[in-house]
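Asker: kindly generate the corresponding structure for this input.
(one chain, ligands or ions: 1)
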Amino acid sequence: MRLNGKPTLTIWLNEDGKTVDIIDQTKLPHQLVVENLKTTEDAARAIKDMLVRGAPLIGATAAYGLCLALHEDASDESIIEASDYLNKQRPTAVNLRWALEVMGGHLKPLPVEQRLEAAYGKAAEIVKDDIEVNRRIGLHGLEIIRKIADKKNGEPVNILTHCNAGWLATTDWGTATSPIYHAHREGIPVHVWVDETRPRNQGAALTAYELLHENVPHTLIVDNAGGHLMQHGKVDICIVGTDRTAANGDVANKIGTYLKALAAHDNNIPFYVGLPTSTIDWTLNSGFDIPIEERSEDEVLKVWGALDDGSNAEVLITAPGVKAANPAFDVTPAKYVTGLITEYGVIEPNETAMAKLKHKQQEARANDTNNLVNEAS
Ligand code: MRU
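Answerer: Modelled structure (predicted):
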């Protein structure tokens, strides 16, 4: 997607062919800073401190983080050690584990001397596939938005989203935002209600920033406004992302998602989740088995922003000494989810449909058509 009119990805190989460049998302929207990751430790820190965040982008960064480890040692032991180290940086998004498993599965059968080059090739493939997967999610979600638009006599479709499941959370397009970008490019009038998403304000700092740069009409709201807007007919559809979806269709996403799903359910508003199938953890039968990350209380107690003179500052918003809790994700039970928008199509999150989806995913992998870039070209 575009930043200042220029198509931009969130992660790319530096021109030195070894190190990796990312956009430091802790500085957005006030500073656009590219950070160069030189070591596996740099990649791990970027994931933990959320310079990169969002399930698919965490996975892509981990893949490149593993490449950086192989320069020193490409043995099985080194692959396992670096993978374990990267994997433990954030616990909820399963794409981290998924990307490292894809990398390890590809590399371990190869002779040690071929692994470094193969690792960079596979990491690049993970990035390219993510772009194509998200594009497909967008095309499937577009049809849902189109159907709503058909009934609105030219009035904009009002879409509520939470957190940032946009292109900044992936490599391009985003998951929840891909249908929105596709609809906007087709000329379907859309308007996005952007939840600010305390405590880290991914909605205010990232989603609103993305939409601004793509000229998509949007309005920032505080997290508590969604229910009210839904009661007053101002939301036609909710679309969010997910960090890990259990085999029964329960969805873990940024804290506060569950409350939006409850409000949507109470007001008969469709609640969709956009996700690549790599975000489904088939080993878990319930969303309540998904590990929920607890982050520092500082994220709740302090807010970072820009001052009138253009400088940036972090301020404490409580009396000194106040304690805070910071669970970063919650689980929305499948019964509140209207549909999962995946690269293979839109499904209801019930047992039969989930089983069929798993089968499709396995079939694609077996035929090696999971490399969607090749399949599409
Ligand atoms: O803590 P974050 O910012 O990494 O959380 C991100 C989300 O919750 C996203 O909705 C999710 O990762 C899906 S990204 C396509």
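
Asker: when you work out contacts or count neighbours from here on, use the C-alpha atoms and nothing else.
Answerer: OK.

Asker: please report the distance of the residue nearest to V322 when sequence neighbours are not counted from D24.
Answerer: Once flanking residues are discounted, V322 sits nearest to L301: 7.9 Å by C-alpha to C-alpha, 6 or more residues apart in numbering. As judged by C-alpha to C-alpha, to the nearest Å, L301 and D24 stand 22 Å apart.

Asker: list phi and psi for the closest residue to the ligand within the stretch 251-377 of the chain.
Answerer: Residue nearest to the ligand within the stretch 251-377 of the chain: K254 (3.8 Å; C-alpha to the nearest ligand atom). Dihedral pair for K254: phi -50, psi 140, per degrees, to the nearest 10.

Asker: who touches the closest residue to it other than its chain neighbours in this structure?
Answerer: For K254, ignoring the flanking residues on the chain, the nearest one in space by C-alpha to C-alpha, 6+ apart is F329 at 4.3 Å. Taking C-alpha atoms under 8 Å, 6 or more residues apart in numbering as the criterion, F329 is in contact with T92, A252, N253, K254, I255, G256, I292, E293.

Asker: V194 too?
Answerer: Taking C-alpha under 8 Å, 6+ apart as the criterion, V194 is in contact with L160, T161, H162, C163, G203, A204, T207, A208, H218, T219, L220, I221.

Asker: buried ones among the residues you listed?
Answerer: L160, T161, H162, C163, G203, A204, T207, A208, H218, I221 (16 or more other C-alpha atoms under 10 Å).

Asker: identify the farthest-apart pair in the residues you listed.
Answerer: Farthest apart among those by C-alpha to C-alpha are C163 and H218. That separation is 14.0 Å.

Asker: export stretch 161-175 as CSV, just CAs?
Answerer: Extracted C-alpha coordinates of stretch 161-175, given in CSV (Å, rounded to 0.1, in the frame of the first residue of the first chain):
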residue,chain,number,x,y,z
THR,A,161,-12.4,-2.3,12.8
HIS,A,162,-10.3,-2.8,15.9
CYS,A,163,-6.6,-2.5,16.4
ASN,A,164,-4.5,-2.6,13.3
ALA,A,165,-5.0,-5.6,11.0
GLY,A,166,-3.9,-3.5,8.1
TRP,A,167,-0.9,-3.6,5.8
LEU,A,168,1.4,-2.5,8.6
ALA,A,169,0.4,-5.7,10.4
THR,A,170,1.3,-7.9,7.4
THR,A,171,3.6,-7.4,4.5
ASP,A,172,1.0,-5.7,2.3
TRP,A,173,-2.8,-5.2,2.0
GLY,A,174,-3.6,-6.3,5.6
THR,A,175,-6.2,-8.9,6.5
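
Asker: quick one: is that stretch near the ligand?
Answerer: Yes. Contact of stretch 161-175 with the ligand (C-alpha under 6 Å from any ligand atom) involves C163, N164, A165, A169, T170, G174, T175.

Asker: quick one: classify the third one as helix, strand or coil.
Answerer: For A165, the secondary-structure state derived from DSSP: H, G, I helix; E, B strand; the rest coil is coil.

Asker: and the lengthiest helix in the chain, what does it pack onto?
Answerer: The helix that spans the most residues within the chain, counting by DSSP state H, is helix 115-150. Packing partners of helix 115-150 (3 or more C-alpha pairs under 8 Å, 6 or more residues apart in numbering; DSSP states H and E): helix 55-70, helix 95-107, strand 157-161, helix 177-185, strand 339-342, strand 345-347, helix 372-376.

Asker: mean pLDDT lowest where, among the ones you listed?
Answerer: Mean pLDDT is lowest for helix 372-376 among these, at a mean of 45.
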